[in-house]
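Chemist: Just a sequence and a predicted model for now, questions to come.
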Amino acid sequence: MNKILLIIQREYLSRVKKKSFIVMTLLTPVIFATFYGIIIYFSVQGIKGSSSKIAVVNNNTTLTEKLVSTKNATYTYVNKSLPQMKADLATAGYDYVLYLPEFSLDAPSGVQLLGTKQAGLSLNNKVSDDIENAIRNQKLKASGLAQKDLDNLSSSVDIDMKKIGDTGKEEDSSAGASTIIAYVGGVLMFMFILLYGIQVMRGVIEEKTNRIIEVMISSVKPFQLMMGKIIGIALVGLTQFILWIVLTGIISTAVVKFYADKTNITQSSVSAALKKQNQNQMIKEATEKSPIGNIQKSLANLDIPKIITLFLFFFLGGYLFYSALYAAIGSAVDSETETQQFMFPVMMPLLLGYSLSLSVVTNDPYGNMAFWLSMIPFTSPIAMMVRLPYGVPDWQLALSMALLILGFIGTVWVASRIYRVGILMYGKKTSFKEMIKWFTYKN
Amino acid sequence: MLSVNNIVKQYAEHRALDDVSLQVEQGKIFGLLGPNGAGKTSLIRIITQITAPDSGEVIFNGQRLNSNHIAQIGYLPEERGLYKKMEIGEQVLYLAKLKGLSTAEATKRVRYWFEKLEMGSWWNKKVEDLSKGMQQKVQFVATILHQPELIILDEPFSGFDPVNAEIIKNEILELNKQGATFIFSTHRMESVEELCDSIALIHRSKKILDGSVEDIKERYRNHTYWLEYDGAYDTNTSSEIFEILQQDHKQGKSVLKVQLREGKSANDMLASLLPLVNIQRLDEVIPTMNDIFIEQVKNKH
């Protein structure tokens, strides 16, 4: 046992001390935080809104209804020709010229929006909405409705999505936020299992090509060496993950605080601020238009600590499951270039789990496919991470966890039998048949 | 101290060891000889518990070999390596601790040996910065650091320059004097004659010869002598006492290689020659281990 600890210690320290590890660990949260900062920046910008001044050159006689200015776009009708207005655009203090040519109300066409800057997609949509509204209003008025009736006509509905939890309690939910968390969880899980599994394989190959393996095996059992390496590298992965979360948390809080101060939002976090402002009719329109605002709101409603805890469990389980297989592969070859033929069958289920999880499971998180993918240990770590934000019944979680534990005990057992023979084999091209033979060797 | 009894090891199609038995005595240097692929490494791997035999047993200090003996055995494999990116001092410490030394004790001993072998300045160097000979010194230290009773060295001198080979040889002799038992696996016969007390010769998975070096040489003595003299002696006359195998005559000096006939002694030969010539030198031709090795291996083909 003491020897396993020594091996774990070496495997862990020799990796954690590496420059590449330190750089990756410090840099990634900065990238996360920058990303987060950008999202907040734009959602804050969205609330404040930028207003475009638009000069309307109206050559149209059929559309008598005027375009109504809103916060994001103010329309000013000018008595100038299009070429004239184009020339005067900057000096007259407008951002864009909207050109309304003669068209029939049933088939409006030829409308142009011109500006020195390219108009964004949202402005484009806004202007076309406004024109459509004007046309509709005119048609409604023509059929006898008064302006007063028109004002009463529009009402805005805000749907609050709630999921009924196991206890019957209502929980806020958002398909958008769940999907994002599902993607992030699935991708991270895939990345972690692959990265650290391959590190195990590299470590085994390194010991083999260095020829230190024989010295090691004369002091420790092959199983101890393999498990020491697997656990040591698992701890490296956990260290990295936890540092990422802590550092991302610290940096994000700082970023949020920075924006909060800047925009005079008194709540400690922007998401809280956004929630509050949601009730504020003044800004409601802006927030509605910004899906990010919604996502931030419901992010706060997901059980993040539970997701992180389960992520750690499924990472460890999935990693142990796959890294044992990688260790067996590493033991069977003499150099990394020979690993190809064995890598493929190990990568396949992982890749399959990854792509199915991100397509099928995100679309139908409660379906049969999702259920089975999240039960089979080959795919369950990724599939479960993807399902988790949508809510998974406790019994399914427990079953999946139990199966994963059984799964990795199985792969560790199989791998250790191949490993103990493989590490002492040099200079032979190994085949699957050979590996099966090793498996059946008596010691 | 170590007895290997009727070991058989079979790899798929190939029998690596076929009923091999041998005894290694306490405090001796034992040579395990044989051509490449004879089965030496397979036997060593069984003694070091890297693999287990299919049948037969190994007795270490009266007990059947078990994992408690790992700390009492030091092994320097022929294919040896170190972790390339790890610092030397740390690495030797790690290997010593795996053999069961405490950190403090291991540190003390590593410092002692590094000092002794003039490696003091290497502590923080990485393996990749050392020459091959330097790496072997490090590996040698790692092998003996935990003061094993039995030290197994597989081709210990390959890759050493003569100066370092001498240093290592002296360390081996000193450790041997302090009581350590050695097993050398090699096919370099000159080091065998210098160091080994007894040997076993393995060829094609079987032990074909063993015993003390002196006994074996005695066994392979064939009463052959180098005889140098001046004076006239007709080498064409046949003698009842000896047979001339080879002759060389230069400026009145003659050198003969002679073999005594059955039942005759060197004194008989001298008595017959003394009246005729002026004898200057008489040397017995003692077979070298190399000769014995080659003869044995050839015979078995």
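Modeler: Noted; the coordinates are in hand.
Chemist: For residue 208, give me its contacts.
Modeler: Chain wasn't specified; assuming chain A. Contacts were defined as C-beta atoms under 8 Å, 6 or more residues apart in numbering or on different chains; by that measure residue A:208 touches A:330, A:331, A:333, A:334, A:423, A:426. In short, each C-beta sits where N, CA and C put it, glycine included.
Chemist: ah, I was thinking of chain B
Modeler: Contacts of residue B:208 by C-beta under 8 Å, 6+ apart are B:201, B:202, B:296, B:300.
Chemist: Next, format the contacts of residue A:208 as TSV and append pLDDT and neighbour count.
Modeler: Compiled in TSV, these are given as follows (pLDDT from 0 to 100; neighbours: other C-beta atoms under 10 Å in any protein chain shown):
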residue	pLDDT	neighbour count
A:330	90	28
A:331	89	28
A:333	86	24
A:334	82	16
A:423	84	24
A:426	73	12
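Chemist: Identify those among the residues you listed that sit within strands.
Modeler: Among those, no residue falls in strands (DSSP state E).
Chemist: filter those down to the ones near chain B?
Modeler: Taking C-beta under 8 Å from any C-beta of the partner chain as the test, chain B is in contact with residue A:426 out of the contacts of residue A:208.
Chemist: from the contacts of residue A:208, which is closest to residue B:219?
Modeler: Proximity of the contacts of residue A:208 to residue B:219 (C-beta to C-beta) peaks at residue A:426, which lies at 37.2 Å.
Chemist: Excluding sequence neighbours, find me the nearest residue to the closest one.
Modeler: Of all residues beyond its chain neighbours, the one nearest residue A:426 is residue A:334 (6.5 Å), with distances taken as C-beta to C-beta, 6 or more residues apart in numbering or on different chains.
Chemist: again with residue A:251
Modeler: With sequence-adjacent residues excluded and distances taken as C-beta to C-beta, 6+ apart, residue A:251 is closest to residue A:33, at 3.7 Å.
Chemist: same deal with residue B:106?
Modeler: Nearest to residue B:106 is residue B:96, by C-beta to C-beta, 6+ apart, at 4.0 Å.
Chemist: now do the same end-to-end measure for stretch B:246-260.
Modeler: Start and end residues of stretch B:246-260 are separated by 13 Å (C-alpha to C-alpha, to the nearest Å).
Chemist: Pull out the buried residues from that stretch.
Modeler: For stretch B:246-260, burial by neighbour count (16 or more other C-beta atoms under 10 Å in any protein chain shown) applies to B:254, B:256, B:257, B:258, B:260.
Chemist: confidence score at the residue of chain B found nearest chain A?
Modeler: With C-beta to the nearest C-beta as the measure, the residue in chain B that lies nearest chain A is residue B:81; the distance is 3.4 Å. At residue B:81, the predicted lDDT confidence score is 81.
Chemist: Next, count neighbours for it.
Modeler: Using other C-beta atoms under 10 Å in any protein chain shown, residue B:81 is surrounded by 20 other residues.
Chemist: what do you get for residue A:113?
Modeler: By the measure other C-beta under 10 Å, the count of residues near residue A:113 is 16.
Chemist: part of a strand, is it?
Modeler: Yes. Residue state for residue A:113 (DSSP: H, G, I helix; E, B strand; the rest coil) corresponds to a strand.
Chemist: need the contact list for it.
Modeler: When contacts are taken as C-beta under 8 Å, 6+ apart, residue A:113 is in contact with A:54, A:96, A:97, A:98, A:99, A:119, A:123, A:124, A:127.
Chemist: Excluding sequence neighbours, find me the nearest residue to the second one.
Modeler: So the one you mean is residue A:96. Of all residues beyond its chain neighbours, the one nearest residue A:96 is residue A:115 (3.9 Å), with distances taken as C-beta to C-beta, 6+ apart.
Chemist: Was I right to think residue A:373 contacts residue A:380?
Modeler: Yes. Counting by C-beta atoms under 8 Å, a contact exists between residue A:373 and residue A:380, whose distance comes to 7.1 Å.
Chemist: Common neighbours of those two, please.
Modeler: With contacts defined as C-beta under 8 Å, 6+ apart, the residues shared by residue A:373 and residue A:380 are residue A:353.
Chemist: The chain: strands as residue ranges?
Modeler: All of this is about chain A. Taking DSSP E as the criterion, chain A contains strands spanning A:52-58, A:73-78, A:96-100, A:112-115, A:162-164, A:170-172.
Chemist: I was thinking of chain B, sorry if that wasn't clear
Modeler: Going by DSSP E, chain B shows strands at B:2-11, B:14-24, B:29-33, B:55-60, B:63-64, B:73-76, B:150-154, B:181-186, B:198-203, B:206-212, B:224-230, B:242-250, B:253-260, B:278-284.
Chemist: So which of those is the most surrounded?
Modeler: With neighbours taken as mean count of other C-beta atoms under 10 Å in any protein chain shown, the strands of chain B reach their highest mean count in strand B:29-33, at a mean of 26.
Chemist: Could you see whether chain A lies near that strand?
Modeler: No. Residues of strand B:29-33 contacting chain A under C-beta under 8 Å from any C-beta: none, with a closest distance of 15.9 Å.
Chemist: Partner strands of that strand, with direction?
Modeler: strand B:181-186 (parallel), strand B:198-203 (parallel) (DSSP bridges).
Chemist: on that earlier part again, pLDDT at the residue nearest to residue B:106, what is it?
Modeler: Predicted confidence (pLDDT) for residue B:96: 91.
Chemist: Give me the neighbour count for it.
Modeler: With neighbours defined by other C-beta under 10 Å, the count for residue B:96 comes to 23.
Chemist: Show me the beta-bridge partners of the closest residue to residue B:252 other than its chain neighbours.
Modeler: With sequence-adjacent residues excluded and distances taken as C-beta to C-beta, 6+ apart, residue B:252 is closest to residue B:230, at 5.2 Å. Each beta-bridge partner of residue B:230 is listed here: residue B:253, residue B:278, as defined by DSSP bridges.
Chemist: again with residue A:78
Modeler: residue A:57.
Chemist: Distance of it relative to residue B:228?
Modeler: Using C-beta to C-beta, to the nearest Å, we find residue A:78 at a distance of 130 Å from residue B:228.
Chemist: Show me the domain layout of the chain.
Modeler: Since you didn't name a chain, this refers to chain A. In the domain annotation for chain A, the residue ranges read A:2-44+A:175-440, A:49-147 (automatic domain parsing).
Chemist: um, chain B though
Modeler: Following automatic domain parsing, one finds the domains of chain B at B:2-218, B:222-285.
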